[in-house]
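K.L.:
Sequence and predicted structure, then a few things I'm wondering about:
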Amino acid sequence: MGERKQAVVIGALGVIGRYIVERLLREDGWSVVGVSRRAADAAPRYRHVCVDLLDSRAAAAGLGDLSEATHIFYAAFQPAAGAAAGYAANIAPNRDMLVNAVTAIDAASRALRRVVLVTGTKYYGAHLGPFKTPARESDPRHRPPNYYFDQIDWLTGFQRGKRWDFVELRPQTLCGFAPGTPMSLAPAIAVYAALSKELGLPLRFPGKPGAYTSIYQVTESAHFANAALWAAVEPRCGREAFNITNGDYFRWKNLWPKLAAVFDMPVGEPQAISLTEHMADKEPLWRAMTAKYRLEPHAYGQLVAWPFADYVFGCDWDVMSDTTKSRQFGFHDVVDSEAMFVRLLGRFRQERIVP
Ligand SMILES: NC(=O)c1ccc[n+]([C@@H]2O[C@H](COP(=O)([O-])OP(=O)(O)OC[C@H]3O[C@@H](n4cnc5c(N)ncnc54)[C@H](OP(=O)(O)O)[C@@H]3O)[C@@H](O)[C@H]2O)c1
């Protein structure tokens with residue numbers, strides 16, 4: 001049996017964090033401590049620490065006994081009010097949570113070996129408009145503000161002279177099954193489709209016409225978790241950054257009929273709407289549908305963050321990362337995005353999140 005490792009997953013209940021926890025617990029030799037404000041049940045080799053990382057004293061107290069932590073997976077996140085494209089400018093809380101978490105664990109554990117920092121394609125300005133594609137890890141940053149830069153710069157300075165190192169992973173639009181985590185694309189498509197169907201409408205692409213035909217990419221959460229584990233233990237990954245996507249690309253116009261088929265719906269012509277505005281008054285309808293179809297009782301506001309969906313469907317420019325570097329360093333997994341959407345959306349139906 002190999003060496004024992006203890007991971008601290010910061011943001012353990014998010015669309016990324018919960019998949020990393022699950023992945024590590026399937027791996028021999030790992031124990032996991034999950035961190036978030038909400039509580040979660042303990043399980044074999046898993047315990048959960050509830051702490052508000054914005055509070056540095058609470059972070060020091062809550063994480064101060066993690067003397068055996070060998071790895072930190074950092075996937076906490078604080079959105080801001082307004083359009084999702086502006087989330088990257090929400091610097092202070094996103095920098096402070098990282099600072100408070102890593103400082104506390106660094107002080108607690110002499111066994112710390114690596115921090116895996118989750119950033120994203122917004123590093124390249126993918127949220128702002130057309131950018132150089134495919135984006136490569138060596139490409140320059142876009143013009144700030146972007147909290148990723150603050151996180152990377154702080155970690156780079158803090159790590160200097162320590163026994164541990166860090167690796168940065170840049171995914172794009174995570175797709176997973178994490179009901180109750182609203183900033184996620186899969187529930188947005190599932191709930192939008194279900195509401196459209198209930199209203200007797202076809203499945204219309206709700207984004208900009210240019211977004212329907214542009215190239216897009218996503219990262220399945222389970223795939224990302226495999227990459228995070230790889231990046232945590234592969235010695236050569238230290239002080240490197242890697243784009244992590246499914247490895248393929250698609251255009252919504254080709255994918256849309258396949259998504260409609262999952263919901264047994266006809267495809268309509270695209271019609272650009274603001275989902276944030278148009279979905280705002282659909283809560284009573286969703287409540288009625290929850291009763292009518294005996295759905296799992298999730299609060300409408302906790303199921304989907306419509307500004308996030310507007311952001312994804314509003315990218316009328318190509319969004320492409322180059323994943324050559326991760327393959328050259330030894331991570332060879334790929335995901336068929338079309339099959340992934342069919343599988344994931346089907347699960348939202350099977351598990352009664354949507355009818
Ligand atoms: N989701 C995507 O599509 C995507 C794509 C590319 C990159 N990323 C990047 O990945 C990173 C993680 O994002 P995500 O989408 O996984 O976020 P998420 O699903 O919203 O999860 C955020 C996690 O952070 C925890 N958290 C938030 N505030 C906290 C606080 N004050 N103290 C302790 N824990 C706190 C949350 O739990 P509690 O609420 O219980 O505290 C939750 O577990 C972000 O930097 C994001 O930009 C995400």
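P.N.:
Right, received. Where do you want to start?
K.L.:
From now on I want contacts and neighbour counts done on CA atoms only, so please keep to that.
P.N.:
Will do.
K.L.:
now the stretch 1-150 of the chain, which segments are flagged as low pLDDT?
P.N.:
In the predicted model of the stretch 1-150 of the chain, residues 1-2 satisfy pLDDT under 70.
K.L.:
Up against the ligand, what does the stretch 51-200 of the chain have?
P.N.:
51-54, 75-78, 118-120, 171-174, 181, 183-184 (C-alpha under 6 Å from any ligand atom).
K.L.:
Pull out the buried members of those.
P.N.:
51-54, 75-77, 118-120, 171-174, 181, 183-184 (16 or more other C-alpha atoms under 10 Å).
K.L.:
how about stretch 186-201: buried residues?
P.N.:
For stretch 186-201, burial by neighbour count (16+ other C-alpha under 10 Å) applies to 186-195, 197.
K.L.:
what comes into contact with that stretch?
P.N.:
Under the criterion C-alpha atoms under 8 Å, 6 or more residues apart in numbering, residues 175-177, 179, 182, 202-203, 260, 263, 265, 286, 303-306, 309, 341, 344-345, 348, 354-355 lie in contact with stretch 186-201.
K.L.:
Just give me how far that stretch sits from the chain centre.
P.N.:
The chain centre lies 22 Å from the centre of stretch 186-201; the measure is C-alpha atoms, centre = their mean, to the nearest Å.
K.L.:
tell me the domain boundaries of the chain?
P.N.:
Under the assignment automatic domain parsing, the domains of the chain span 5-174+218-244, 177-217+249-318+335-350.
K.L.:
What segments of this protein are strands?
P.N.:
Using DSSP state E, the strands of the chain run over 5-10, 30-36, 46-50, 71-74, 114-118, 165-171, 174-175, 215-216, 219-220, 241-244, 250-251.
K.L.:
and the ones you listed as CSV, adding distance to Gln151?
P.N.:
Below are those laid out as CSV (distance: least, C-alpha to C-alpha, whole Å):
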stretch, distance to Gln151
strand 5-10, 14
strand 30-36, 18
strand 46-50, 22
strand 71-74, 11
strand 114-118, 9
strand 165-171, 10
strand 174-175, 20
strand 215-216, 26
strand 219-220, 21
strand 241-244, 13
strand 250-251, 31
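K.L.:
Ala75 touches Leu13, doesn't it?
P.N.:
No: applying C-alpha atoms under 8 Å as the test, Ala75 and Leu13 come out as separate, 9.3 Å apart.
K.L.:
So what sits opposite Ile10 in the bridge?
P.N.:
With beta bridges defined as DSSP bridges, Ile10 has these partners: Val35, Tyr74.
K.L.:
Number of residues surrounding it?
P.N.:
27 (other C-alpha atoms under 10 Å).
K.L.:
Ile244 now?
P.N.:
Neighbour tally, Ile244, other C-alpha under 10 Å: 28.
K.L.:
Report the contact partners of it.
P.N.:
So Ile244 contacts 169-172, 219, 224, 227, 323, 326 (C-alpha under 8 Å, 6+ apart).
K.L.:
which of the residues you listed lies closest to Ala84?
P.N.:
Ranked by distance to Ala84 (C-alpha to C-alpha), the contacts of Ile244 are led by Gln172 at 13.7 Å.
K.L.:
For the closest one, which non-adjacent residue is spatially closest?
P.N.:
Val218 (5.2 Å; C-alpha to C-alpha, 6 or more residues apart in numbering).
K.L.:
what's around the one you found, how many residues?
P.N.:
Applying other C-alpha under 10 Å, we find 24 residues neighbouring Val218.
K.L.:
Could you do Ile215 as well?
P.N.:
Count around Ile215 with other C-alpha under 10 Å applied: 18.
K.L.:
One more: Pro140?
P.N.:
For Pro140, using other C-alpha under 10 Å, the count is 12.
K.L.:
Next up, phi/psi of it, please.
P.N.:
phi -70, psi 160 (degrees, to the nearest 10).
K.L.:
give the contact list for it.
P.N.:
Tyr124 are the contacts of Pro140 under C-alpha under 8 Å, 6+ apart.
K.L.:
Quick check: it vs Lys132, distance?
P.N.:
10 Å (C-alpha to C-alpha, to the nearest Å).
K.L.:
what does Ala288 give?
P.N.:
46 Å.
K.L.:
between these two, which one's more packed in?
P.N.:
Neighbour comparison, Ala288 and Lys132: the larger count goes to Lys132, with 15 against 12 (by other C-alpha under 10 Å).
K.L.:
quick one: contacts for the more buried one?
P.N.:
Lys132 neighbours (C-alpha under 8 Å, 6+ apart): none.
K.L.:
how close does it get to Leu66?
P.N.:
Distance from Lys132 to Leu66, counting by C-alpha to C-alpha: 42 Å.
K.L.:
For the stretch 251-355 of the chain, which residue gets nearest to the ligand?
P.N.:
Nearest to the ligand in the stretch 251-355 of the chain, going by C-alpha to the nearest ligand atom, is Phe308, at a distance of 8.6 Å.
K.L.:
if I pick the nearest residue to that residue once chain neighbours are set aside, what's in contact with it?
P.N.:
Computed as C-alpha to C-alpha, 6+ apart, the closest residue to Phe308 that is not its neighbour in sequence is Ala84, at 5.2 Å. Applying C-alpha under 8 Å, 6+ apart, we find Ala84 in contact with 307-308, 310-311.
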